[in-house]
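# Structure for the following, please:
(chains A, B and C)
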Amino acid sequence: MSLPIYATFGQRVWYYAFRVICAIIFIFLITPILVVIPLSFNAENFFTFTPEMLRLDPEGYSLKHYQDFFTNAEWQRSFKNSLIIAPIATVIAVTLGTLAAIGLSQSHVPFRRAIMAILISPMIVPLIISATGMFFFYSKIGNFMEGTMGLDKNFVGYVKVILAHSVLGIPFVIITVTATLVGFDRSLTRAAASMGANPVTTFFKVQMPLILPGVISGGLFAFITSFDEVVVVLFVGSASQKTLPWQMFTGLREQISPTILAVATILVVISILLLTMVELLRRRSERLRGLSPG
Amino acid sequence: MKLRKSLMATTALTVAAGMAVAQDMPMEMTIVSWGGAYTKSQQNAYHTPYSEMTGVTIINDDSSAEAVAKLRAMNEAGNITWDVVDVVAADAIRLCDEGLAMEIDFDTMLAPAPDGTSATEDFGDLLVADCYIPQIVYSTTFGYRTDMVGDTPPTKICDVFDLKAFPGKRSLEKRPINNMEWALMCDGVAKEDVYDVLATEEGQDQALAKLDTIKDEVIWWSAGADTPQLLADGEVVMGSTYNGRLFSLIEEQDQPVAMLWDAQVFDLDGWIIPTGLSPERQARALDYVMFATDTQRLADQAKWISYGPARKSSAPLVGQHAELGIEMAPHMPTDPANAANTFLYNYEFWADYRDDMDAKFQAWLSQ
Amino acid sequence: MSDTASKAPVLAADGTPLKRSLNRALRVQKMRALALIAPLLLFVMLSFIMPIGDMLFRSVENQIVENTLPNATQELAKWDGSSEDLPPEPVFRALYHDMFLAAELKRHTRLGSRLNYESTGMSSLFRQSGRKLDDAGKDYRKLFLVVDEAWGDGATWQSVMGGAEGATPDAALVKAQKSQIYRLDGEAPRGQLDFAPSQDVSALLPLTAREYTAFAIVTSLIKKDDLAATKPFESLFVALADDLSTADLSGYDGPGADNLRALQASGLPTPNYTEIFGEMDKDWVNIETWRTIQIHAEPYTSGYFLNAVDMQKTPTGVEMQPEDRQVLITLFVRTMIMSLTIMFSCILLGYPIAWLLANLPMRQANVLMILVLLPFWTSLLVRTSAWKVMLQQQGVINDVLVWIGLVADDNRLILINNETGTIIAMTHILLPFMILPMYSVMQTINPTYLRAAKSLGATNWTAFWRVYFPQSIPGIGAGSILVFILSIGYYITPEIVGGTKGVFISNRIAYHISSSLNWGLAAALGTILLVAVLILYWAYDKIVGIDNVKLG
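Okay, here's the model as predicted:
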């Protein structure tokens, strides 16, 4: 990708022009996030760059929105809820999704297309429709669990949101895991089986490590789907299950508070950490697969 | 305190004879409101003292904007998760009409004024529906940027429609209520005839035609936080919103904004209790409502936000802002200086015509 | 090889024919695959497909009219809607009593709202009439009380309607009324009714018996009040006056027989229901109102779907909506055009980035990949509000342009609350969905092909266009379909930055679900949208194959 020394003038111009174009697109991608970060230190309660901020006057900056996030009970509760709901929803989506993807990747699966379409459907049905449809369904389930099984109202609330979110995360797991399995060499499992490993051992010792990147990236998508989902939780959940996006959404609607931006900044930092982790994992898996570390 | 207890006992007897006694009431309740500064004022004036007194945990759900839709869905699914809901009068009438809110017997279920005046009399004609317990009077009015209107600030509602004198964007609410009335008043219809005209096809078309003249310069808002943000950013010259939002913008956030009280429209905000609650939860909700709508609590709320208490007996108790220490009375929509020219919002008209008008307005909007 | 040998089945090691053995192995394999898929399939079917199906079913379901006005719709079915005459008196008569019961159970306003979707003005008509229904009844009540004060007591009514001691109760009527109220109220009236009209009375005073039974069910089973102590509905006075105008009481000797005879002799006017409604609202004597009700009385309707494409049902067939109510087709078209625009801008911006990422050394590419993924991981709400901050007239972009001098301060660009705002913000939000599949496809393109082409004399452009680009098309396809599908379903971003011109059909769906409460239309719009998406999905699966989508 580097420019060869024999490149003509035109090639050189194009080479640099192309880099500039790419740089501009990257700027387009990243600016909204960069804008959010300074605004989260705004001393005023608006999403506005104040003259003080532009003068880099320390007066114009403050940590009060961060303070608000860490001290306000509503924010804390919603953050905690998101941390409960998203991981559990992810685990469900990943477990069921990976199993199904392995099933789907076998040869001779009857009705493969139809099954695939059904499993992908949560991604393609407009969210607002899914949300209302699921509301009625989960209300019935909730009534049953509370009334007949006598479970705690709060617990039932969490179950409803977690199930709804795991459904939404499933298509991502299916897509990523099947994509990884397309390149999976079946002779490996046969080799393992021929050496006396039972299917379970084969799965965990041979297949799993190799499709792990797909599973992890599917899991991360599922996690983000739940962590960033506002429409369905607004319908299916009740206030005790208020998640972070819900709190942000009402924050945007009803109050002017850059606390939302502070939260976003914190999440961006967490995202960077997560992405770095994924990258490290990926490098490890490639080492394991004997591919060059690039 | 004793009086309250005994009143509550009678309430429980009259409403839910033999169904629930106080100690069976659940210790957790979900209260639905609008969020932001408004919920904060309720938190300070009602929730916190109530929790301290009874030990009940109150969960805030800021979903009042979707209250009607969600209550209907909950009712249909038979799974009511809300205990007390804060809605505006028009929504309350609708909920009441559809049987989604329980009917309230004001004199037995609400506390009388300290001097013994019955609740019915104390609230007076603000009791606009059988299911609705008014809490505050707010008004929808205009704020404008003082630095963007030149030397002659707007003084009349019709300045909103005057693009020559006041060029620039304005923000209006994305619904027909209020906008249609203002449009007619500025199109030469006398104030007292507005609703008669609006009840006719031609009147509706006339109002929309007037709104057409500024349509290109309007940013439509749907959330209470929109206009204050737009004003703070200088995105609009003037915009309609709730007077409490403007109060907070001007007094608490120190923005170069002033209020245009002309033709402000009074509206109510208050509580409804959904139908279909279990007797225990209903008793808890009634207990809360009786506490939160007594004379002192309503006056307390006015310390936190510039909305007028709905009880006549609360008005003399309104004092200073709890944090800023400024007198609240001059900032109330009901203050004589502000209420020089108010517009009387016709609840019944809007309950009847809302569906009709919404359909027209939305179609007009997307053309 | 002998003939017999070739005909004999090939045997597997255990002696079974190989074909069967293979089939069995295949079946086992199939079963195992299905067993792996089954839990998830069941979960998704149960918790997603069925609820969605249920939701979408609302687009044709229309039992509300029949359930709210059961007798009136039955009578109305006999009326010829194309005639120029108002429906006959029995229709008004049935309407009066149906409406009264519906109003008692607070169901009539819902029907008003429902009919208002078809014809503006119905909602206010039903609401206002609901309040005025009592008036006629009160007039009759006064006349009754003049004859005998006892008619004001619930107990009198109960004894009259119950018939003589030992009279056969009309259980069929109770059952019928219970099921009618169940359909009206949506909830079955629970418990045992300790009242039943006697068969004699229901033969003698059919309308009164019917309405009184309904009153008894509502009072004692729904409102849980004491029947004898509750004031009878105003409509009962009208019903009884109506029955008495034709009933032959001469042979009747049940309880209150004399009282009834006295009433009959008092010269009660026969109720004229048409007049009653005409006085309530002149729209009731407008033939159009009745046509609307008649057309929309069927339990399953295509009306919502017609509305979804700006059409409506009229007595003369299907017609376009009036000009000023035609908005949805425009919105569908706009949704399609804008989604396509967003898709193309994503291709335009995504392709160079994907190419760069695919051709850089892995380590550099992965660092840049973080820049692509970072916005993807940032909350949608935050990114949308960031765009609001940037795009508005006093926003970051305009400020920078003014500062550079490209744009005059008093002539700032309008980038938000219109199509531009939606397109910019959505392109940003969906760009990673374009880049990732493109990248994964481009990674697999062997660079030696390009070198080979060049060494054979192709220019850079030709080599790219003829060799590289065709191989990258699956990536473009995958990204495009993903972006397109996601974008036509989005609604939060357009809602915040789109103003009135930059919104999608999904915003309309959201509006009908949470504001106008027209769930039938929302479901119809959703179904149409879903079908469009499914066609796209199918096309995509045919062209690219859903397995080839790779997300990072």
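# following the helix or strand hosting A:Ser82, which helix or strand shows up next?
Per DSSP states H and E: A:Ser82 is located in helix A:73-105. Sequence order places helix A:112-124 as the next helix or strand after helix A:73-105, per DSSP H and E.
# Now look at the helix or strand that comes right after that next one and say if it contacts chain B.
Note on helix A:112-124: by DSSP H and E, the next helix or strand toward the C-terminus is helix A:127-147. Yes: among the residues of helix A:127-147, A:Thr132, A:Phe135, A:Phe136, A:Ser139, A:Lys140, A:Gly142, A:Asn143 lie within reach of chain B under Cβ under 8 Å from any Cβ of the partner chain. In short, each C-beta sits where N, CA and C put it, glycine included.
# helices or strands up against helix A:127-147?
Contacts defined by 3 or more Cβ pairs under 8 Å, 6 or more residues apart in numbering or on different chains; DSSP states H and E place helix A:127-147 against helix A:153-182, helix A:231-236, helix B:67-77, helix C:50-57, helix C:505-514, helix C:519-543.
# Now do the buried residues in the next helix or strand after the longest one.
In other words, helix A:153-182. Following helix A:153-182 in sequence order, the next helix or strand is helix A:187-194 (DSSP H and E). By neighbour count with 16 or more other Cβ atoms under 10 Å in any protein chain shown, helix A:187-194 contains the buried residues A:Thr189, A:Ala192.
# Mind checking what helix or strand follows helix A:187-194 in sequence?
helix A:199-202.
# I'd like to know which elements that next one is packed against.
Counting contacts by 3+ Cβ pairs under 8 Å, 6+ apart, helix A:199-202 is packed against helix A:187-194.
# For C:Phe469, which of the helices and strands packed on helix A:127-147 is the nearest?
Nearest of the helices and strands packed on helix A:127-147 to C:Phe469, taken as Cβ to Cβ: helix C:519-543 at 16.4 Å.
# Sort out which residues of the helix holding A:Ser82 are buried, please.
Neighbour-count burial for helix A:73-105 [16+ other Cβ under 10 Å]: A:74-75, A:77-79, A:81-82, A:85-105.
# Let me see the ranges of the strands in chain C.
Remark: strands assigned in chain C by DSSP state E are C:311-314, C:317-320.
# would JSON lines of these with distance to C:Ser159, mean neighbour count and mean pLDDT be doable?
Listed next are the strands of chain C as JSON lines, based on distance: least, Cβ to Cβ, whole Å; neighbours: other Cβ atoms under 10 Å in any protein chain shown; pLDDT from 0 to 100:
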{"stretch": "strand C:311-314", "distance to C:Ser159": "49", "mean neighbour count": "18", "mean pLDDT": "87"}
{"stretch": "strand C:317-320", "distance to C:Ser159": "54", "mean neighbour count": "10", "mean pLDDT": "87"}
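# Reformat those into JSON lines and put distance to chain B next to each item.
Shown next, in JSON lines, are the strands of chain C (distance: least, Cβ to the nearest Cβ, whole Å):
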{"stretch": "strand C:311-314", "distance to chain B": "13"}
{"stretch": "strand C:317-320", "distance to chain B": "14"}
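# Which positions in the stretch 151-300 of chain B make contact with chain C?
By Cβ under 8 Å from any Cβ, the residues of the stretch 151-300 of chain B that approach chain C are B:Lys169, B:Ile219, B:Trp220, B:Ser222, B:Asp233, B:Gly234, B:Glu235.
# ok, back up a step: minimum distance to chain A: which of the strands of chain C has it?
Closest approach to chain A among the strands of chain C (Cβ to the nearest Cβ): strand C:311-314, 21.7 Å.
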